[in-house]
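>>> mind folding the following:
(2 chains)
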Amino acid sequence: MNNTQDTNQKRRQFLLKGAAVTAAAVAPGVMLHTAVVAKPLGEAVTDAVRWGMLIDAAKCADGCDSCVQACNDENGLDLLQKPQGQAEDLWDQQIPKWIRNVKVKDNLSGHVTNLPMMCQHCEEPPCVDVCPTTASFRRADGIVMVDRHLCIGCRYCMMACPYKARSFVHDVVEHKLTRAPRGKGCVESCNFCVHRLDDGQTTTACQDACAKEGHDAITFGDLNDPHSEVSQALKEQSSTQIRADLKLNTGVRYRGV
Amino acid sequence: MMKKIYFREWGLESRSYWMLLVVLAAIAAIGGLAALYMEHNGHWVTGMNNQIVWGTPHVFAIFLIVAASGALNVASIGSVFNKTIYKPLAPLSALLAIALLLGGLLVLVLDLGRPDRLIVAMTTYNFKSIFAWNIILYNGFFVIVGFYLWTVMDRKMKCYYKPAGVTAFVWRLVLTTGTGSIFGFLVARQGFDAAIMAPWFIVMSFGFGLAIYMLVLMDAFKRDQRPLGDAIMRKLKGLLAVFVAANLMFMVTFHLTNLYGTENHAFEVFIMLNGGIYTALFWIGQVLIGGLLPLAILFHPTLSISRGWLTAAAVMVVVGGWLTIYVIVIGGQAFPMAMFPGKTIIESGFYDGVDGMAASYIPSIPEVLLGLGGVAVALVVTVIGIRMLKILPISLADEVADPHASA
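Below is the predicted model:
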C-alpha cells in the first residue's frame, strides 16, 4: 500500500516538474512571439514614404570628414581590421566604404567643389536590375540595399553601379554590430541607416554628424511628404542628380555641383 | 562515294594516357587548392579590390565559356549546314564544348564571394538579370549538347540528330549573346556599354573555340598516330582565318564607334595610348598576337601548310584571345567611370580615378592557378571522353575525309 502511495507521489511530482519545465520552455516563445507581432517592426514598409537626401556641396567644408567617420562608426566599418600580412595601400582599396569625400574641379572654370558620395538610392537601380538572385533590392520606401542571405558575392552589382557606391567584404569579419551585420564574401553599401529608420528615428548618422559640425550640408527626410524639410529645400532651389543622363531618379540630390 | 568513317576510343598507350591524366589532374587539384585558399581567407589575398571587382579568374572563366560555344561550331557546320566533311568532327566538337564550359563555370563559381550559396543562384532568379538568364543558358547547354552528342554517336537516336543539332546551334548563339550582354548592358561603364559586345563575343567564340579544337584534334591524332589529312586541315585553317579577321573587324568597329563620340575619347586614349599595361596588351596581345600574326600565318602560301606553323597560329589565337578578354574585362574596369562629366576628380576617399588615374590591379598567383585549374579540368574531361567513348575517327586521311580533296 505504501509502495503504491509512494509511486503515485513520485508520478505526481514528475508530472508537476514536467509541466513546469514545459511551461518555462514554451512561455518565453509565446511571449516573445506576441511581443514581436505587436511591434511595428513586423510591418512591411510601404511606398507612402520615399526616403531621400539633399546634399548642399557649397556647405560641405574642405578637409572635413565627419560624415565619413560617423558612417564608419554607425555601421561598424571601423571595426574591420587589416588582415595580417596585407599591405596598407592594398587593404585601403579593399576595405568597405559606404560614404566617401570627393573633391572635383571644373575643367573650364577651375571651380572646386567638395561633396560626399554614397549610394544614390535610385528609383531604377542598375544594381537591382543585374543582381541574379534578387539579393540587391529596393524597398518600397526607396532604400536600396543588399539581402545578405541571398548575396552570392558575384559582384555584378558593383560593375553596374554608376556611382561606385558598393563595396565587397574582402576579409573574415571578426567584430560586427548587431545593427549592421556583415560577412565575408558579400556586397554592401549605404542603406540610409535603415536600422534607425525602422526604429522610428528620422535621421542618418552622416546628417547628424554634419549638423553637429555646424555645416548642415545634408538634409534627409521623406520626399513624398511635401512638408518635410528635404522636400521644402528641394522645392526652394534647383538641385541636380549625378549622372542625370541615366534617368535613374536618384533619392540623393545635390546642390552646387 | 565517300568511304565509311569509323570511330574508336583513343588508343594511347596506357602508361602515357595515365601520365597525361595525372599531370592534368594535378594542375586541376592545385587550382582547387588555390580556390580553397582564397575562399578560406577571403578575397583580400587576391589582387582584386573594390575598384577591380572581376579579376583574372573572370578572364579565364569568360574565355573558356566563350570558347566552349565556339568549339561547338565545327559540329554545327556539319549538322546544321550539311557540310559532309565536318560530320566526322562533330563528336569531339560537342565533347570539347561541354568540357570547356564545365572548366569555365567551375572557375566562375569558385571565384564567387559565397560559392557555398550556389543553390541560391539556382533557386532564386531575377529575370531582369542577364546573369540569371546565363545560369539557365549554361545549364541548358550541358543538357542540349549532351543530348546532341548522344544523337551523333547512337544510331538508334538518328531521328533526333537534325533537331538536336539545330537546337544546339541556336542555343549556343543565344548563350554567347548572353555572355556578351553581361558587358553590353553595363550602361555606366564606358569600356563596356555597347550593343556590339553581344555579336562581337559570338565572333570571338568562333575563333577561340576553333583554335582550341584544332590544337586538341592535331595533338590527339598525333599521339595516337592516326592519320590527319591536309584536306580537313585546309578547311579548318581557312575557317580560322575568316574568324580571326572577323574578330579584328568587330574590334575596329567597336573602337571606331567610340572614337566618333567625343564622350568616349578619354577611354580610347586610355586603351590605345596611355593606359600602361592595358595599352601594351591591346596592341601586342589583342591586335598582334590575337589578330595580325595568326592571320599572316594562316594566309601565307607556304607557312600555312606546315602543321608546326598552324599550331603556332592556333596557339596565338588562344593566347591573344585570352589577352583580348583581359583588356576588355580588366581594362574596362581600370578606366575611371565618368561620374562628373566636365569635371576632374582631384581628391577621393575611394579611388574614383583621381586626375584620371586608372584603378590598380596586379593578378595574384592563386587567381592564375584557379584559372589554369579550370583549363586543366576542361582537358581532363576531354582526355577521359576521347579515351572512353568513340569520339575520334580512326582516320581523317584525305581519301577518307574528303575523296575529292585533291580535285
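>>> what's the pLDDT at residue 131?
Let's take chain A. At residue A:131 the predicted local confidence, pLDDT, stands at 97.
>>> that was the other one, I meant chain B.
The confidence metric pLDDT takes the value 94 at residue B:131.
>>> which residues touch the residue of the stretch 51-200 of chain B found nearest chain A?
Nearest residue of the stretch 51-200 of chain B to chain A, counting by CB to the nearest CB: residue B:113, 1.7 Å away. To be clear about C-beta, it is placed using only N, CA and C from the backbone, and glycine gets the same treatment. Applying CB atoms under 8 Å, 6 or more residues apart in numbering or on different chains to residue B:113 gives the contacts A:151-155, A:168-169, A:184-187, B:43.
>>> what does residue B:5 give?
Applying CB under 8 Å, 6+ apart, one finds that residue B:5 lies in contact with B:87-88, B:393-395, B:400-401.
>>> of those residues - the most surrounded one?
Neighbours here are counted as other CB atoms under 10 Å in any protein chain shown. On that basis the top member of those is residue B:401, with 27 neighbours.
>>> wait, doesn't it sit right on residue B:85?
Yes. Counting by CB atoms under 8 Å, residue B:401 touches residue B:85, with 6.0 Å between them.
>>> check what pLDDT the residue of chain A found nearest chain B gets.
Chain A approaches chain B most closely through residue A:153 (1.7 Å), counting by CB to the nearest CB. What the model reports for residue A:153 is a pLDDT of 97.
>>> SS state for the residue nearest to it when sequence neighbours are not counted?
Leaving aside its chain neighbours, residue A:153 sits nearest to residue B:113 (1.7 Å; criterion: CB to CB, 6 or more residues apart in numbering or on different chains). Under DSSP: H, G, I helix; E, B strand; the rest coil, residue B:113 falls in the coil class.
>>> distance of residue B:113 from residue B:65?
19 Å (CB to CB, to the nearest Å).
>>> cool, and residue B:288?
The span separating residue B:288 from residue B:65 equals 25 Å under the rule CB to CB.
>>> same question for residue A:178.
Relative to residue B:65, residue A:178 is positioned 41 Å away (CB to CB).
>>> okay, these two: which has more neighbours?
Regarding residue A:178 and residue B:65, a neighbour count based on other CB under 10 Å identifies residue B:65 as having more, with 29 against 7.
>>> now, which of the contacts of residue B:5 lie within helices?
Taking DSSP state H, the ones among those that sit in helices are B:400-401.
>>> now for the contacts of residue B:113, which pair is the farthest apart?
Of all pairs drawn from those, the one with the largest separation by CB to CB is A:154 and A:184; the distance is 14.6 Å.
>>> more neighbours: which of these two?
Neighbours per residue, other CB under 10 Å: of residue A:154 and residue A:184, the larger number sits with residue A:154, 27 against 19.
>>> residues contacting the more buried one?
Applying CB under 8 Å, 6+ apart, we find residue A:154 in contact with A:132, B:112-113, B:121, B:131.
>>> any idea which of the residues you listed is closest to residue B:298?
For residue B:298, the closest of the contacts of residue A:154 turns out to be residue B:131, at 35.5 Å, with distances computed as CB to CB.
>>> ok, the closest residue to the closest one other than its chain neighbours - how many residues close by?
In space, not counting the residues next to it along the chain, residue B:131 is nearest to residue A:132; the distance is 3.8 Å by CB to CB, 6+ apart. Neighbouring residues of residue A:132 were enumerated by other CB under 10 Å; the total is 25.
>>> tell me the SS of residue A:132?
When states are read from three-state DSSP, the local structure at residue A:132 comes out as coil.
>>> so what does it look like in phi/psi?
Backbone torsions for residue A:132, taken as degrees, to the nearest 10, come to phi -70, psi -20.
>>> quick revisit: can you tell me which of the contacts of residue B:5 end up in strands?
Among the contacts of residue B:5, the subset assigned to strands under DSSP state E consists of residue B:393.
>>> show me which of the contacts of residue B:5 is closest to chain A.
Distances from those to chain A were compared by CB to the nearest CB; the smallest belongs to residue B:87, at 37.7 Å.
>>> ok, that closest one touching residue B:80?
No. Taking contacts as CB under 8 Å, residue B:87 lies outside contact range of residue B:80: 11.3 Å.
>>> okay, now the unreliable bits of the stretch 1-150 of chain A?
Across the stretch 1-150 of chain A, the ranges flagged by pLDDT under 70 are A:1-8, A:10-12, A:14-16, A:18-41.
>>> please enumerate the strands of it.
With DSSP state E, counting those that start in this stretch as the criterion, the stretch 1-150 of chain A has strands at A:51-56, A:100-106, A:112-117, A:136-138, A:144-146.
>>> deepest-packed of those, please.
The highest mean neighbour count among those, using mean count of other CB atoms under 10 Å in any protein chain shown, belongs to strand A:51-56: a mean of 24.
>>> and it, is it in reach of chain B?
No. Judged by CB under 8 Å from any CB of the partner chain, strand A:51-56 and chain B are separated, with a smallest distance of 13.8 Å.
>>> thinking again about what came up before, can you tell me which of the contacts of residue B:113 are in strands?
When DSSP E defines the strands, the subset of the contacts of residue B:113 inside them is A:168, A:187.
>>> in TSV, list the contacts of residue B:113 along with distance to residue B:135.
Supplementary listing: those in TSV, determined by distance: CB to CB, whole Å:
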residue	distance to residue B:135
A:151	15
A:152	11
A:153	15
A:154	10
A:155	16
A:168	20
A:169	23
A:184	23
A:185	18
A:186	19
A:187	18
B:43	21
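>>> need the worst-confidence member of the contacts of residue B:5.
For these, the model is least confident at residue B:401; its pLDDT is 82.
>>> nearest residue to it other than its sequence neighbours?
Nearest non-adjacent residue to residue B:401, counting by CB to CB, 6+ apart: residue B:232, 4.8 Å away.
>>> residues contacting that neighbour?
Listed by CB under 8 Å, 6+ apart, the contact set of residue B:232 reads B:85, B:89, B:396, B:398, B:401-402.
>>> and residue B:170, by the same measure?
With the criterion set at CB under 8 Å, 6+ apart, residue B:170 makes contact with nothing.
>>> show me the residue sitting in the middle of the chain in space.
Answering for chain A, as no chain was given. Centre of chain A computed as the mean C-alpha position; nearest residue by CA atoms, centre = their mean is residue A:191, 2.8 Å away.
>>> not what I meant, chain B
Residue closest to the average C-alpha location in chain B (CA atoms, centre = their mean): residue B:67, at 2.4 Å.
>>> quick check: the residue lying closest to residue B:185 once chain neighbours are set aside vs residue B:250, distance?
Counting by CB to CB, 6+ apart, residue B:185 lies nearest to residue B:130, which is 5.8 Å off, once chain neighbours are set aside. When distance is defined by CB to CB, residue B:130 is 20 Å away from residue B:250.
>>> for chain B, what's the longest strand?
In chain B, assigned by DSSP E, the strand with the most residues is strand B:343-348.
>>> tell me which helix or strand comes right after that one.
Of the helices and strands lying after strand B:343-348 in sequence (DSSP states H and E), the nearest is helix B:365-388.
>>> any stretches of the stretch 201-350 of chain B with poor pLDDT?
In the predicted model, the stretch 201-350 of chain B carries no residue with pLDDT under 70.
>>> neighbours of residue B:96, just the number please.
Using other CB under 10 Å, residue B:96 is surrounded by 30 other residues.
>>> equivalent analysis for residue A:134, please.
When neighbours are counted by other CB under 10 Å, residue A:134 registers 18.
>>> ok, it - contacts?
Residues near residue A:134 by CB under 8 Å, 6+ apart: A:147, A:150, B:124-126.
>>> from the residues you listed, list just the buried residues.
Applying 16 or more other CB atoms under 10 Å in any protein chain shown to the contacts of residue A:134, the neighbour count classes A:150, B:124-126 as buried.
>>> pipe those into CSV and attach secondary structure per row.
Below are these laid out as CSV (three-state DSSP):
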residue, secondary structure
A:150, coil
B:124, coil
B:125, coil
B:126, coil
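>>> export stretch B:384-392 to CSV, keeping only CA atoms.
Output in CSV follows, covering the C-alpha atoms of stretch B:384-392 (Å, rounded to 0.1, in the frame of the first residue of the first chain):
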residue,chain,number,x,y,z
ILE,B,384,38.7,10.9,-70.5
GLY,B,385,36.0,11.5,-73.0
ILE,B,386,38.0,10.5,-76.1
ARG,B,387,39.5,7.6,-74.2
MET,B,388,36.3,6.1,-73.0
LEU,B,389,34.0,7.0,-75.9
LYS,B,390,34.1,6.6,-79.7
ILE,B,391,34.7,10.3,-80.2
LEU,B,392,37.6,10.3,-82.7
